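Trainee: Below are the sequence and a predicted model for it; my questions follow.
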Amino acid sequence: MARIRIYDPALCCPTGVCGPSVDPELTRIATAIFLLEKKGVDVKRFNLSSEPQEFVEELKVQKLLEEKGTDALPVVIVNGEVEKIGEYPSNDELASWTGLSKGELSKKDKSKNNITLL
């Protein structure tokens, strides 16, 4: 199965899903990662503000930051190869990389009128 590493820009918390106005893209990726972890996928996120050493130790990320600055973030590395620069992967991409179905990367919250969290 895939090994996925996501190098986030500086966020206020590990998921970026906090504060008065939440970016829906951060909510979607946080939900997808949570569900991937539940399925046993080796996926990790690193936050530039709280884990800068991870950005230094991953030479591909370090090089992108030197070339493009923080505009390169987020950087997504799958099985050691850079797959995305400057944007989060779609649920289709995550499904393709992991062999899961796209439906397995959305979550129905039954306590809130069957709203699908993307």
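Mentor: Arrived safely, thanks for sending.
Trainee: Strands along the protein, start to end?
Mentor: For the chain, the strands defined by DSSP state E occupy 3-8, 42-47, 75-78, 81-85, 107-109, 115-117.
Trainee: what about the fifth one, average pLDDT?
Mentor: Taken as a whole, strand 107-109 carries a mean pLDDT of 56.
Trainee: ok, now the third one?
Mentor: Over the span of strand 75-78, the pLDDT mean works out to 98.
Trainee: Share the number of residues neighbouring the residue nearest to Ala72 when sequence neighbours are not counted, please.
Mentor: With sequence-adjacent residues excluded and distances taken as Cβ to Cβ, 6 or more residues apart in numbering, Ala72 is closest to Leu64, at 4.2 Å. Where C-beta positions appear, they are placed from N, C-alpha and C, glycine not excepted. Using other Cβ atoms under 10 Å, Leu64 has 21 other residues around it.
Trainee: any idea how far Leu64 lies from Arg45?
Mentor: Plainly put, Leu64 is 16 Å away from Arg45 if you go by Cβ to Cβ, to the nearest Å.
Trainee: Val76 now?
Mentor: 10 Å.
Trainee: Need the residues touching each of those two.
Mentor: Arg5, Ile6, Tyr7 (Cβ atoms under 8 Å, 6 or more residues apart in numbering).
Trainee: isn't the first one right next to Phe46, touching?
Mentor: Yes: between Arg5 and Phe46 there is a contact at 7.0 Å, judged by Cβ atoms under 8 Å.
Trainee: Name the residues of stretch 92-103 that are buried.
Mentor: By neighbour count with 16 or more other Cβ atoms under 10 Å, stretch 92-103 contains the buried residues Glu93, Leu94, Ala95, Trp97, Thr98, Leu100.
Trainee: and what of stretch 29-47?
Mentor: For stretch 29-47, by 16+ other Cβ under 10 Å, it's Ile29, Ala30, Thr31, Ala32, Ile33, Leu35, Leu36, Val41, Val43, Arg45, Phe46, Asn47.
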